[in-house]
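Undergrad: This is a predicted model, with the sequence first.
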Amino acid sequence: MAINSGYAAYANSKIMTASPAELTLMLYEGAIKFCNIAIRGIEENDIQKAHTNIVKVENIISEFQATLNHKYPVAKDFDEVYKYLKERLLEANVKKDKEILEEVLDHLRGMRDTWKEVMRLTNNGTKIS
């Protein structure tokens, strides 16, 4: 029990001290983790596990959509990608389709990797002069 509370305190501290760029990266990592768990749920024929984790991925993508800054034209493009991913997740959840989840997972990994590169080029989200 003490180990779990220690880990929770560490995780909470990590979140509370993270920059907005690091929080975005954590969300991508979480979406990837939950998508992998959902895939395992389908493989194990654990429908509840698959459903619960697909919903977690959907919630993270909804958070990405809610935080888009629409004063930039690229926000519309991201919104369309997020809508597509949510549609695919809904379909995967209804059909319990592992292949659809693997497609979503590929997209999430690509977006995460691009975000890591943006962080590297901008010194963790702070512009380099």
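TA: Looks like it arrived, so ask away.
Undergrad: By mean pLDDT, flag the weakest helix or strand of the chain.
TA: helix 2-16 (a mean of 65; mean pLDDT, DSSP states H and E).
Undergrad: now for whatever helix or strand residue 56 lives in, which elements pack on it?
TA: In the assignment (DSSP states H and E), residue 56 maps to helix 47-66. Packing partners of helix 47-66 (3 or more Cβ pairs under 8 Å, 6 or more residues apart in numbering; DSSP states H and E): helix 20-43, helix 74-95, helix 98-121. For glycine as for every other residue, the C-beta is placed from the backbone atoms N, C-alpha and C.
Undergrad: how far does that helix sit from the chain's center?
TA: 8 Å (Cα atoms, centre = their mean, to the nearest Å).
Undergrad: Give me the contacts around that helix.
TA: Helix 47-66 is touched from outside by 24, 27, 30-31, 34-35, 37-42, 78-79, 82-83, 85-86, 89-90, 92-93, 96, 101, 104, 108, with contacts defined as Cβ atoms under 8 Å, 6 or more residues apart in numbering.
Undergrad: go with 6 Å
TA: Contact partners of helix 47-66, identified using Cβ atoms under 6 Å, 6 or more residues apart in numbering, comprise 27, 30-31, 34-35, 37-38, 41-42, 82, 85-86, 89, 93, 96.
Undergrad: same question, stretch 108-123
TA: By Cβ under 6 Å, 6+ apart, the residues outside stretch 108-123 that reach it are 21, 25, 28, 31-32, 125.
Undergrad: May I have stretch 75-85 exported as CSV, CA atoms only?
TA: What follows is stretch 75-85, C-alpha atoms only, in CSV (Å, rounded to 0.1, in the frame of the first residue of the first chain):
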residue,chain,number,x,y,z
ALA,A,75,-6.1,23.8,-35.4
LYS,A,76,-8.7,22.9,-38.0
ASP,A,77,-6.5,20.2,-39.4
PHE,A,78,-5.8,18.8,-36.0
ASP,A,79,-9.5,18.9,-35.2
GLU,A,80,-10.2,16.8,-38.3
VAL,A,81,-7.6,14.3,-37.3
TYR,A,82,-9.0,14.0,-33.8
LYS,A,83,-12.5,13.6,-35.2
TYR,A,84,-11.3,10.8,-37.5
LEU,A,85,-9.5,9.0,-34.6
